[in-house]
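Visitor: Got a predicted model here, sequence first, then my questions.
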Amino acid sequence: MVSGTAITEEVSQVEARRLWNAMVKDSHNLLPKVLPELFASVTLLQGDGGVGTIKQLNFTPANKDFSYAKERVDEIDEEKMVYKYTTIDGGPLGKKLSALNFELKFVPRKEGGCVVIWICNYETLPGAQLDEGRAQEVKEHNNGMFKKIEQYLVSNPNLYC
């Protein structure tokens, strides 16, 4: 078993609060709308979006690795714009990973826009090897998804204000 952390930082021209509102508070609507090629739907299974909420992300056949992932909201800090969640079922769990949790931070920049920090902590299953090339692909894929969300917000400046 190997534990690790992957960190991605993206500078965005979009204000931190707008990204927070879109990506954290309304992700269940935003993801299928902006990324319909990847997300068939996002369903709240339990809760109202706050701590303890469990949501299921249902992927389209474009995702060859898995069809769904269930996530539990662990922490929401509105003031500091920090969001923590854990994948509890589906996704890569049980295939190569035994644990997977995330932290999203939205940090305002004085010059406008913000920095979005995405921290992924994981543990591999005993005997499973982490493929660094595949990890890089996932990171690039996530960056691509973020850029599409950012572009959607830039193109729709009155949303999530």
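Guide: Thanks, I have it. Small disclaimer: the values here were computed from a predicted structure and weren't measured.
Visitor: Please could you give me each C-alpha atom of the host helix or strand of Glu137, formatted as CSV?
Guide: Taking DSSP states H and E as the definition, Glu137 sits inside helix 132-155. Output in CSV follows, covering the C-alpha atoms of helix 132-155 (Å, rounded to 0.1, in the frame of the first residue of the first chain):
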residue,chain,number,x,y,z
GLU,A,132,2.7,7.8,-13.0
GLY,A,133,1.8,8.2,-16.7
ARG,A,134,-1.9,7.6,-15.9
ALA,A,135,-1.7,9.9,-12.9
GLN,A,136,-0.4,12.7,-15.2
GLU,A,137,-3.3,12.0,-17.7
VAL,A,138,-5.8,12.3,-14.9
LYS,A,139,-4.2,15.6,-13.8
GLU,A,140,-4.4,17.0,-17.4
HIS,A,141,-7.9,15.8,-17.8
ASN,A,142,-9.0,17.6,-14.6
ASN,A,143,-7.2,20.7,-15.7
GLY,A,144,-9.1,20.5,-19.0
MET,A,145,-12.4,20.2,-17.2
PHE,A,146,-11.6,23.2,-15.0
LYS,A,147,-10.8,25.3,-18.1
LYS,A,148,-14.2,24.4,-19.6
ILE,A,149,-15.9,25.5,-16.4
GLU,A,150,-13.9,28.7,-16.3
GLN,A,151,-14.7,29.5,-19.9
TYR,A,152,-18.4,28.9,-19.2
LEU,A,153,-18.3,31.4,-16.4
VAL,A,154,-16.3,33.9,-18.5
SER,A,155,-18.9,33.6,-21.3
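Visitor: where in this structure is pLDDT low?
Guide: Applying pLDDT under 70 to the chain flags residues 131, 134-135.
Visitor: circling back: for the helix holding Glu137, packing partners?
Guide: strand 3-12, helix 16-20, helix 27-34 (3 or more CB pairs under 8 Å, 6 or more residues apart in numbering; DSSP states H and E). For every residue, glycine as well, the C-beta is placed using N, CA and C.
Visitor: at 10 Å instead, please
Guide: In this structure, helix 132-155 packs against strand 3-12, helix 16-20, helix 27-34, strand 114-124, with contacts taken as 3 or more CB pairs under 10 Å, 6 or more residues apart in numbering; DSSP states H and E.
Visitor: in that helix, what counts as buried?
Guide: 138, 146, 149-150, 152-153 (16 or more other CB atoms under 10 Å).
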